[in-house]
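A.B. asks: Pasting the sequence and the predicted model now:
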Number of protein chains: 2
Amino acid sequence: MRVVLDGDRLPDPVPAGEYETCPVTDVLRRLSDKWTLLLITLLGRRPYRFNELNRAVEGISQRMLTRTLRTLESDGLVEREVFGTSPPSVEYRLTPLGVSLLEPLSALAGWAVDHQAEVADARRRLA
Amino acid sequence: MRVVLDGDRLPDPVPAGEYETCPVTDVLRRLSDKWTLLLITLLGRRPYRFNELNRAVEGISQRMLTRTLRTLESDGLVEREVFGTSPPSVEYRLTPLGVSLLEPLSALAGWAVDHQAEVADARRRLA
DNA sequence: CTGCATCCGGGCGGATACTG
DNA sequence: CAGTATCCGCCCGGATGCAG
């Protein structure tokens, strides 16, 4: 899906088939897996070490913490710094690109908060 | 995850366990399934009939078109109008709530478009 | 402390066939 | 035209065990 933004105009979808390469769908799918948003939000506050994240995000498995961080890293949103201390320690922080994502993400978060009651009502009505 | 927004401050995550009820994660997970964004974008332009969508969104299965529309409907983002003509015809359109989502969604879409090259570069580098 | 390897259940989403 | 029903493969994500 190709996207054209001019002024307040909305993204302009193409019949698709190209939709796989749509950067908007792409970023949405990445952000939406179970722990990504939470990790981005945490790392938006300050850098964290691995086990610090593991404790801060109650309920996450080590496997998914590693996987999610690796994905964020390979997308250029998070960077990893290894300290060769003993015991070793690794620090994760948002890259400038990651920081730049916080603003539009906050806009969407704001919508979710402002309208959660309406969504909840709609669900109850059509349950 | 509870969320607190004051001014430019970012969503404020709580250790989680509550994260399941976080409205932000909730909306992100809904928006991010395969066809939702594309359908919202299309319906943001004008109302569509069922088969019109089926043809416009090349590659979608009838099953997923129905499922996605039903979910959007039960979330209060889309409304369904049935015309008892023969053959019958059904029209789908965004609700006011759905329309209100377009703006923050466009913000995120804009980010995705503006930074897609950086993300692509990062992926190539760490492939 | 910071991971990787393996196994496994559940849900997303495609294909196909059938209906009012 | 606008769906429903069924089957099925795949990948997300949890649990557990092992390693540098």
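C.D. replies: Looks like it arrived, so ask away. In this text the structure is predicted, and so the values were computed from the model without any measurement.

A.B. asks: Quick check: which helices or strands does the helix or strand harbouring residue A:114 pack against?
C.D. replies: Element membership for residue A:114, per DSSP states H and E: helix A:96-126. Other elements packing on helix A:96-126 under the criterion 3 or more C-beta pairs under 8 Å, 6 or more residues apart in numbering or on different chains; DSSP states H and E are helix A:36-43, helix B:23-31, helix B:62-74, helix B:96-126. Any C-beta I mention is one placed from the backbone N, CA and C, and that applies to glycine too.

A.B. asks: Kindly state which of these is positioned closest to residue B:45.
C.D. replies: Minimum separation from residue B:45 across the helices and strands packed on helix A:96-126 (C-beta to C-beta) falls at helix B:96-126, 10.2 Å.

A.B. asks: just the angle between that closest one and helix A:23-31, please?
C.D. replies: Interaxial angle, helix B:96-126 versus helix A:23-31 (axes from the mean of the first three to the mean of the last three C-alpha atoms, to 10 degrees): 80 degrees.

A.B. asks: got the residues of chain A near DNA strand C?
C.D. replies: By C-beta under 7 Å from any atom of the strand, the residues of chain A that approach DNA strand C are A:49-52, A:54, A:62-63, A:66, A:69-70, A:80, A:87-90.

A.B. asks: run the last query once more with 10 Å
C.D. replies: Listed as neighbours of DNA strand C in chain A under the rule C-beta under 10 Å from any atom of the strand: A:16, A:19-20, A:29, A:32, A:48-55, A:61-67, A:69-70, A:73, A:80-83, A:85-92.

A.B. asks: Would you show me how to pick out the buried ones of those in ChimeraX?
C.D. replies: Per 16 or more other C-beta atoms under 10 Å in any protein chain shown, the buried members of those correspond to this ChimeraX selection:
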select /A:16,19,29,32,48,50,53,64,65,69,73,92
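
A.B. asks: Mean neighbour count, the helices and strands packed on helix A:96-126: which tops it?
C.D. replies: Using mean count of other C-beta atoms under 10 Å in any protein chain shown, the stretch among the helices and strands packed on helix A:96-126 with the largest mean neighbour count is helix A:36-43, at a mean of 23.

A.B. asks: any weak-confidence spans in chain A?
C.D. replies: Residues of chain A meeting the criterion pLDDT under 70: A:1-20, A:127.

A.B. asks: Contact partners for the nearest residue to residue A:48 once chain neighbours are set aside?
C.D. replies: Among residues not flanking residue A:48 along the chain, residue A:92 sits closest, at 5.7 Å (C-beta to C-beta, 6 or more residues apart in numbering or on different chains). The contact partners of residue A:92, by C-beta atoms under 8 Å, 6 or more residues apart in numbering or on different chains, come to A:43, A:47, A:48, A:49, A:50, A:53, A:69, A:78, A:79, A:80, A:81.

A.B. asks: Kindly confirm my reading that residue A:92 is in a strand.
C.D. replies: Yes. Assigned with DSSP: H, G, I helix; E, B strand; the rest coil, residue A:92 falls within a strand.

A.B. asks: Would you check how far apart it and DNA strand D are?
C.D. replies: Remark: distance between residue A:92 and DNA strand D (C-beta to the nearest atom of the strand, to the nearest Å) = 16 Å.

A.B. asks: One more: residue A:25?
C.D. replies: 14 Å.

A.B. asks: Let me see the contact set for the nearest residue to that residue once chain neighbours are set aside.
C.D. replies: What sits nearest to residue A:25 in space, not counting adjacent residues and going by C-beta to C-beta, 6+ apart, is residue B:37, at 5.5 Å. By C-beta under 8 Å, 6+ apart, residue B:37 lies in contact with A:24, A:25, A:28, B:31, B:105.
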